[in-house]
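>>> give me a model of this one.
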Amino acid sequence: MVDESEMIEVPGYGKVSRTLRRHWVNVVSRPDASILEIDALEDGLRFMSDVEKSRAYEIRQAITRFEWCHHKALHRLHLLVRSIGELRYIAKPSSPEEKRADRDVKQWFNALRILRAWVDNDADSVDTVLFCGIPSAEFVSHIGERNPLKEWQVSRLADRLQYDFLNFDKNEGEYIPFSAGSHSICSNEEETRFYDQTVGVKILDTQDGNPREWDLGTAIDWFALCCWNYSQNLVTILQVIQGQSHLDVPLIQCGQDFVRHPNYRDFVEMKHALRAYWDVEYHWGIASGDKPSLSPKDIFDILGEKSAVKIWLVRSLERTLSFPVSV
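Below is the predicted model of the structure:
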């Protein structure tokens, strides 16, 4: 039984133990033996200067922000390894203009435009717009024949996309989730009926290979544009709105179905290589199949000569690469 008095709320991560250093909120809710060992390494560090300390902790904060299910996770992982090697965080903040020029951001905005146009019955305004190579007419064909319930559901889904899009740079707008209850979302009897029908739609799905059942309202709430599978997830939700309940392709929720990730093997091999860097007695064999994007020798060369600070950062990153499968 968890003692709630020993837990505190961390925005974006839920409740974690008071004894857990905030470095670890993207990994666990309570410290374990390996984390306590790494914390002890941190306590014993002696930095040569305030500049070195500042740079090391900037890297550590970036490790705390790492999520393997993000669509740019492999790129960010390589940046973190290179940053540790140089003992300075080498990523630079993107300007709003650079972010909006990003391919994925453009796709998100296109999806939002197409869905809003469908709700408004204005297909001509997005006739030439593509979502991940899919023409707008083909994209919305997954919804099926129009009716008031579908219009309300697609409008709610568009609200979810718009909230994610606006919050890409800063906190703007508002999205009230289905989990807040009909009294928070609905303003009239018709909306309440639509709400009840939406949360009553059961989806028969799998999670990490195991059967699960959830509802359409939850699926819309949990849809995330940052997820590596966002394009397929969006199509799948439209198919559920159309009336499909048995999913041919699972909805990939953030932090789940790791083995389906297109960079699965790269992440696993990176974790092994990071372990081998700090643990000289650790040995593993390269898995069969395509070569990883960086070989172990590449990683060791990038990390360079060992130091107490680098060992702490490497162990922090290796422990952060926690997957829901045995690797």
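
>>> list the buried residues in the helix or strand where S54 lies.
Assigning secondary structure by DSSP states H and E places S54 in helix 50-64. Within helix 50-64, the residues that count as buried by 16 or more other CB atoms under 10 Å are 52, 55-56, 59-60, 62-64. (Glycine included, C-beta is placed from N, CA and C.)

>>> ok, and what's touching the helix or strand that comes right after that helix?
On the C-terminal side of helix 50-64, the nearest following helix or strand under DSSP H and E is helix 73-86. Helix 73-86 is contacted by residues 59, 62-63, 66-68, 70, 89-91, 228, 261, 263, 266-267, 270, 274, 293-294, 299, 302-304, 310, 313-314, 317, 321 when judged by CB atoms under 8 Å, 6 or more residues apart in numbering.

>>> from those, which would you call buried?
59, 62-63, 66, 68, 70, 89, 228, 261, 263, 266-267, 270, 274, 294, 299, 303, 310, 313-314, 317, 321.

>>> so can I have JSON lines of the buried residues of helix 50-64 showing distance to R103 and pLDDT?
Below are these laid out as JSON lines (distance: CB to CB, whole Å; pLDDT from 0 to 100):
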{"residue": "E52", "distance to R103": "36", "pLDDT": "96"}
{"residue": "R55", "distance to R103": "31", "pLDDT": "97"}
{"residue": "A56", "distance to R103": "33", "pLDDT": "97"}
{"residue": "I59", "distance to R103": "27", "pLDDT": "97"}
{"residue": "R60", "distance to R103": "30", "pLDDT": "97"}
{"residue": "A62", "distance to R103": "22", "pLDDT": "96"}
{"residue": "I63", "distance to R103": "26", "pLDDT": "97"}
{"residue": "T64", "distance to R103": "26", "pLDDT": "95"}
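
>>> closest to L45 out of those residues?
Nearest to L45 among the buried residues of helix 50-64: A56, at 7.9 Å, using CB to CB.

>>> nearest spatial neighbour of that closest one, skipping sequence neighbours?
Residue nearest to A56 in three dimensions, not counting chain neighbours: V309, with 5.2 Å by CB to CB, 6 or more residues apart in numbering.

>>> report the contact partners of that neighbour.
45, 47, 52, 56, 87.

>>> in this structure, which ranges drop under the pLDDT threshold?
1-4, 12, 93-100, 166-173, 285-293, 324-327 (pLDDT under 70).

>>> domains for it, by residue range?
The chain breaks down into these domains under automatic domain parsing: 51-94+264-320, 102-242.

>>> what about V268, which helix or strand?
Going by DSSP H and E, V268 is part of helix 264-278.

>>> contacting residues around whichever helix or strand comes after that helix?
For helix 264-278, the following helix or strand on the C-terminal side (DSSP H and E) is helix 296-303. Outside helix 296-303, the residues within contact range by CB under 8 Å, 6+ apart are 81-82, 84-85, 269-270, 272-274, 276-277, 286, 294, 310, 314.

>>> hmm, back to that, list just the nearest of the contacts of V309 to Q162.
When the contacts of V309 are compared against Q162 (criterion: CB to CB), the nearest one is A56, at 38.4 Å.

>>> can you tell me the closest non-neighbouring residue to E174?
Per CB to CB, 6+ apart, closest to E174 is Y163, 7.0 Å.

>>> three-state assignment of the one you found?
The three-state label given to Y163 by DSSP: H, G, I helix; E, B strand; the rest coil is helix.

>>> burial measure for it, as a count.
17 (other CB atoms under 10 Å).
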